[in-house]
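> Generate coordinates for the sequence data below:
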Amino acid sequence: MSQVMKIRPSESVQVDQERLGALYMQLGEAIAEDVVCRAMEELALRMAQCERLYRENRLSELRKNARSLIAIADQIGMSSLGRVAGDVTLCVDDNDEVALAATLSRLLRIGERSLTAIWDHQDLSV
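Numbering: from 1, shown residues only. Okay, the predicted model is just below:
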């Protein structure tokens, strides 16, 4: 009897602490926390939209949504998330369905872990 192995990809995420720190220095703690919280909400919303748009095969809208993730992620130091969102747009541009499925899954994994990392960082700074 053959065995089936289930792979659970796990990747470390990178939050640019310098970028996040600069945001706090530039805006002050209260305003920076508000900006970060709003960005996190927007990222979570857009990641859910990316998943929905993919299931509905609305790839041009998926591409646009992934592009917007890049700017938001960069604003709050989520470099890994921004990089993978860029990879999703390339997969759409290349019309590579297999790579898109894999890369979108990676985007969602990294997005979730990035949001958790930022949330944990905020809990320590409050």
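> only C-alpha atoms for contact and neighbour calcs from this point on.
Will do.
> Run through the neighbouring helices and strands of the lengthiest helix in the chain.
Secondary structure of the chain read by DSSP state H shows that its longest helix is helix 97-125. Where contact means 3 or more CA pairs under 8 Å, 6 or more residues apart in numbering; DSSP states H and E, helix 97-125 is packed against helix 29-55, helix 79-94.
> And that helix, how far out from the chain middle?
Put simply, helix 97-125 sits 5 Å off its chain's centre (CA atoms, centre = their mean, to the nearest Å).
> Now that helix: buried residues?
Buried positions in helix 97-125, judged by neighbour count with 16 or more other CA atoms under 10 Å: 99-101, 103-104, 106-115, 117-118.
> pLDDT averaged over it, what's the number?
Mean per-residue pLDDT for helix 97-125: 83.
> now swap in stretch 20-40 and tell me
Regarding stretch 20-40, the rounded mean pLDDT is 93.
> how far is that stretch from where the chain is centred?
Centre-to-centre, stretch 20-40 and its host chain are 18 Å apart (CA atoms, centre = their mean).
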